[in-house]
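Q: what's the 3D shape of this:
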Amino acid sequence: MLSKIKTLTAWRKLFDGFKSVWRAYRILRSGRTGIPESADRALGLRVRSVPFALYCRARSSDLTTLLEVFQCGEYQIVTSHLVPPIETIVDLGMNVGFATAYFFTLFPNARYLGIEPDAGNFAMAQRTLQPLIGQNRASLHHAFVGAFEGWGSLQAPDGGATNEYRMVRASAAAPSTIPVRTVMQLCEQENITSIDLLKCDIEGAEIELFGHCFPWIGRVRHLVIELHAPATLAWLMEALSRAGADFECLTHHHRQPDTALVFLRNRA
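A: Numbering: from 1, shown residues only. From the prediction side, this is the model:
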């Protein structure tokens, strides 16, 4: 009972109004496993710092992700080190769009580009970020991101949540495959010449992506990346150096034994 009281007390500070607190509690009670609800049945939650609703599905990891970003401050230490101007933010592996929504509260005049391969998560991101999409402030792409264009499919680990899917390369297009886009393709399509902040959480595909990042890494001023084993900070710094980039590591936080959140700044 005491833990429930503490949770509700914290949520009253986070959410704007009892309705959002009650909806969050209903979603929490539904658990994180099973088949998530569709985007059109998701419940909108109002977080005090965000001027639009953040949508969460029952039986999904959406609420957990929201709390990590807005209550636990997953990216708070990152933003304190950013060097302005922050005009273009790219989110690789945007999940349901909550990191983009958080960055918007800090940089409301920036332009946003998001990439997400999972169709359900992509639909959720579209719904939450519709206010930005409607103002041509955000552009979303349903795709994987990789070092080489092609096709891929989603693979979920046993018991994995909706934010733990991994990319498996496919030999050809098929009804179940998803296009793989490169960062250069996305930059050229969206006319992006400089990326002030690149957020990357692509569940292990960073090994391929940053192993061949020479064509575009020079455009990136700040990088926040979740590394998944076997990728390590030492491996990432070596990969960036091989690509001719000179980044300094500002924060390095182990979230779990096999994952780490790293923030780097381009010295150039």
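
Q: Flag every buried residue along the host helix or strand of residue 19.
A: In the assignment (DSSP states H and E), residue 19 maps to helix 18-30. For helix 18-30, burial by neighbour count (16 or more other CB atoms under 10 Å) applies to 20-21, 23-24, 27-28, 30. Backbone N, C-alpha and C define where each C-beta goes, glycine included.

Q: pretty sure residue 214 belongs to a strand, no?
A: No - counting by DSSP: H, G, I helix; E, B strand; the rest coil, residue 214 falls outside a strand, being coil.

Q: who touches the closest residue to it other than its chain neighbours in this structure?
A: Distance criterion CB to CB, 6 or more residues apart in numbering; nearest residue to residue 214, sequence neighbours excluded, is residue 243 at 4.2 Å. By CB atoms under 8 Å, 6 or more residues apart in numbering, residue 243 lies in contact with 210, 213-214, 217.

Q: How about the residue most central in space within the chain: what's its closest non-neighbour residue?
A: Nearest residue to the geometric centre of the chain (CA atoms, centre = their mean): residue 94, 3.1 Å. With CB to CB, 6+ apart as the criterion, residue 94 has its nearest non-adjacent residue at 3.8 Å, and that residue is residue 114.

Q: The host helix or strand of the one you found: how far from the chain's middle?
A: Following DSSP H and E, one finds residue 114 within strand 111-116. On the basis of CA atoms, centre = their mean, to the nearest Å, strand 111-116 sits 9 Å off its chain's mean C-alpha point.

Q: just checking, what packs against it?
A: Helices and strands touching strand 111-116, by 3 or more CB pairs under 8 Å, 6 or more residues apart in numbering; DSSP states H and E, are strand 88-92, helix 98-106, helix 119-128, strand 138-142, helix 183-190.
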